[in-house]
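J.: Sequence and predicted structure below; questions after.
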Amino acid sequence: MKDASPSYLKHHFLIAMPHMADLRFAQTVTYLIDHNEHGAMGLVINKPSGLSLADVLEQLRPDEEPPVLCQSLPIFTGGPVQTDRGFVLHPSGPQFQATLELGELGLSTSQDVLFAIADGRGPDKYLITLGYAGWEAGQLEAELIDNAWLTCFADQNILFDLPFDQRLNAAAERLGVNLSLLTSQAGHA
């Protein structure tokens with residue numbers, strides 16, 4: 001049964017507050033793939049891992065030289081859970097061996113999506129991560145109460161079109177917030 005509760009933040013951005021103590025999430029923006037009474041799952045969208053698609057393809061297809069264009073396609077650190085597993089977020093439409101439809105977006109976890117991107121027949125827009133961010137039931141809600149995150153509706157332009165180093169501030173600007181003007185000291189009024 002689908003929960004229409006406004007407290008659930010599926011398809012929202014989590015914007016780390018300046019005082020975020022967890023270094024894995026400091027200065028990050030996370031796209032929430034799912035959020036319900038059982039917990040939440042998201043992908044950090046602005047933290048490059050230092051790997052490129054070419055690096056991953058060298059492991060998956062060691063007998064083939066990756067296309068030159070793959071050298072410049074970054075792989076992001078999607079979060080601290082299952083960091084050896086790949087996730088490709090893309091606009092809905094293309095179906096791959098393991099694609100979860102998320103409304104306007106799809107999340108693919110099979111190797112065929114990576115091969116399709118490398119061969120020029122994959123989705124036009126995509127974000128590739130290793131790992132994801134996960135929260136147990138009630139954990140994200142507690143972090144929100146503790147003012148660890150700001151939230152806003154997700155925007156595909158921020159996900160796919162902006163350079164990664166502009167995504168955090170662009171997400172905050174959707175709320176009219178300039179993160180550089182926020183104090184790093186947490187407090188409750």
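T.: Sure thing, it's come through.

J.: quick one: contacts for the closest residue to L102 other than its chain neighbours?
T.: Spatial nearest neighbour of L102, chain neighbours left out: I33 (6.4 Å); criterion: CB to CB, 6 or more residues apart in numbering. Where C-beta positions appear, they are placed from N, C-alpha and C, glycine not excepted. Counting by CB atoms under 8 Å, 6 or more residues apart in numbering, I33 touches K10, M41, G42, L43, L89, L102, L107, Y132.

J.: Name the helix or strand for I33, please.
T.: Using DSSP states H and E, I33 sits within strand 29-36.

J.: Neighbouring strands - and their directions - for that strand?
T.: Using DSSP bridges, the strands paired with strand 29-36 are strand 12-16 (antiparallel), strand 39-44 (antiparallel).

J.: Using CSV, write down the CA coordinates of that strand.
T.: The C-alpha coordinates for strand 29-36 follow below in CSV (Å, rounded to 0.1, in the frame of the first residue of the first chain):
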residue,chain,number,x,y,z
VAL,A,29,23.3,16.4,-1.3
THR,A,30,21.6,13.0,-1.3
TYR,A,31,18.7,11.9,-3.6
LEU,A,32,16.2,9.9,-1.7
ILE,A,33,15.1,6.9,-3.8
ASP,A,34,12.8,5.6,-1.2
HIS,A,35,11.6,6.6,2.3
ASN,A,36,8.8,4.8,4.2
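
J.: buried sites along that strand?
T.: Of the residues in strand 29-36, V29, T30, Y31, L32, I33, D34, H35 count as buried by neighbour count, 16 or more other CB atoms under 10 Å.

J.: possible to save the strands paired with strand 29-36 as CSV with mean neighbour count, mean pLDDT and distance to L182?
T.: Output for these, formatted as CSV (neighbours: other CB atoms under 10 Å; pLDDT from 0 to 100; distance: least, CB to CB, whole Å):
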stretch, mean neighbour count, mean pLDDT, distance to L182
strand 12-16, 25, 98, 10
strand 39-44, 23, 97, 20
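
J.: and these as CSV, adding distance to G93?
T.: Below are the strands paired with strand 29-36 laid out as CSV (distance: least, CB to CB, whole Å):
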stretch, distance to G93
strand 12-16, 22
strand 39-44, 19
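
J.: First-to-last residue distance for stretch 33-45?
T.: In stretch 33-45, first residue to last residue: 12 Å (CA to CA, to the nearest Å).

J.: Look up which residues are beta-bridged to the residue nearest to the spatial centre of the chain.
T.: For the chain, the residue nearest the mean C-alpha position is L43 (2.6 Å; CA atoms, centre = their mean). Counting by DSSP bridges, L43 is bridged to Y31.

J.: how close does it get to V56?
T.: Look at L43 and V56: by CB to CB, to the nearest Å, they are 16 Å apart.

J.: Repeat that for Y126.
T.: From Y126 over to V56 (counting by CB to CB), the distance is 13 Å.

J.: before we move on, what about N169?
T.: Distance from N169 to V56, by CB to CB: 28 Å.

J.: So which of these two has more stuff around it?
T.: V56 (21 against 18; other CB atoms under 10 Å).
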